[in-house]
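In: Sequence plus the predicted model coming up.
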Amino acid sequence: MYNFDKVIDRRGTSSLKWNFQDDFGQHDGLIPYWIADTDFATLPDIMREIKNRCEHPMMGYGAPLPPVYDAIQGWWEKRHQWKPEKEWMLLSFGVVTGINFALETLVEKGEKVLVFTPVYDPFFAAVEYSGHTLVDCPLDYHDNYYTINWELFEQELKNGVKAVVFCNPHNPVGRVWTYQEMEMLTDLCAKYQVYLLCDEIHADFGLDRPYTSAGRFEKIYDHLLVYTAISKSFNMAGLGSSCIMIPDKDVMNRLIETYEKRWMFGPNEFSYVAMEAAYKHGAQWMDEQCAYLKKNVEYVTRFIKENMPEVQMPKHEGTFLMWLDMSCFRKSSDELTSIFASQYGIALGNGAHYGRQGNGFMRLNIGCSRETLKPGLERMADMYKQYYK
């Protein structure tokens, strides 16, 4: 059994979440529920193997050994019913870096790239800064539930979209897309020969149902890139590593060429060690983390219903990020962010960052002990009493 109730003081470390809160008008001091890393101590096996690696007196140029690929493959086969071939795996830096390079490599500048909003905000930058035209395909939102507008989506594909950057499970709205939804998505991308860049970094956080990888649908293999990492699952974002799974050999070779032209040859030495340890030894830890997060979801849901009844909560199916509809305050997300930070000492994710459909919403990171979560909810309730009319 692992202790997810343990509170770890991260102040005084290089933690962006706790020590660099300039976006909220101060350097530190707020209780943070914003950026998407957790406050859980990572899997002890990972830290042990990193320490063991540090015992070696040399730290030269590195490349992953075969057991790293074995561990990744085994994890995905056992937990996600997909066995990616080892030669499909490109170990790289962060997921967003990989999306940038893929768009630059596979899609002509100026061509259309589609995202489903509200969505993880670096997607916007990845599309625009790589020289492409962003197409916003808003998710439908009814009865506190998000779905894809399939008619609108197909129309945008007909209008010339060349790539889709997709989030599965979805950050920030918390959807875990069903098998049927993933089948429809991959069917349409295959029909129109559109690249599907599928960010599956939250794959291990299917809380209400197991998530379905785009990799399970072979019809899209010639236009598919699946992105994952240990950064969310095992709280290892500081390593800046990821794995891109690319079934098509030509797509893989083109992307490798782009990386090599920039002398980018993979993440650091500790990333390989951490990946192998995480995927070989992390199953029980991951199961217990998800069980703890499900209890956090229940706790937040109950607290808000009892203390902030007009705040709406879209149905939460996965990730450790809850999406709160605070439009009852009739304030913008910018205003809400400022009020929470300046008057109540808490930092929440600004919903407007995720697209115009997110204005009036806030994102709450529940990846922490309930002892850490409780004061934030109490301060939100105080704000509700003061500002809800």
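Out: Perfect, thanks for sending it.

In: what are the ranges of the helices in the stretch 201-350 of the chain?
Out: 249-261, 269-281, 283-307, 333-344 (DSSP state H, counting those that start in this stretch).

In: can I get these in CSV with distance to F20 and mean neighbour count?
Out: (Each C-beta comes from the backbone N, C-alpha and C, glycine too.) CSV is the format used below for the helices of the stretch 201-350 of the chain (distance: least, C-beta to C-beta, whole Å; neighbours: other C-beta atoms under 10 Å):
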stretch, distance to F20, mean neighbour count
helix 249-261, 29, 14
helix 269-281, 22, 23
helix 283-307, 25, 16
helix 333-344, 14, 18
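
In: Same list (these) but as TSV, adding distance to I148 and mean pLDDT.
Out: Shown next, in TSV, are the helices of the stretch 201-350 of the chain (distance: least, C-beta to C-beta, whole Å; pLDDT from 0 to 100):
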stretch	distance to I148	mean pLDDT
helix 249-261	25	96
helix 269-281	30	97
helix 283-307	23	98
helix 333-344	23	95
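
In: Quick check: which of the ones you listed is nearest to P138?
Out: Judged by C-beta to C-beta, the one of the helices of the stretch 201-350 of the chain that comes nearest to P138 is helix 333-344, at 16.2 Å.

In: tell me what that closest one is packed against?
Out: Helix 333-344 makes packing contacts with strand 346-350, strand 361-365, helix 370-387 when contacts are defined by 3 or more C-beta pairs under 8 Å, 6 or more residues apart in numbering; DSSP states H and E.

In: so who does T117 touch?
Out: Shown in contact with T117 (C-beta atoms under 8 Å, 6 or more residues apart in numbering): D136, C137, P138, L139, Y354, G355, R356, Q357, G358.

In: so who does the fourth one touch?
Out: If I follow you right, that is L139. F116, T117, P118, Y146, T147, I148, N149, V173, Q357.

In: if we go to 7 Å?
Out: Going by C-beta atoms under 7 Å, 6 or more residues apart in numbering, L139 touches F116, T117, Y146, T147, I148, V173.

In: For D287, see how far away it is.
Out: According to C-beta to C-beta, to the nearest Å, L139 and D287 sit 29 Å apart.

In: for R216, same thing?
Out: 21 Å.

In: for K17, same thing?
Out: On the measure of C-beta to C-beta, K17 and D287 end up 25 Å apart.
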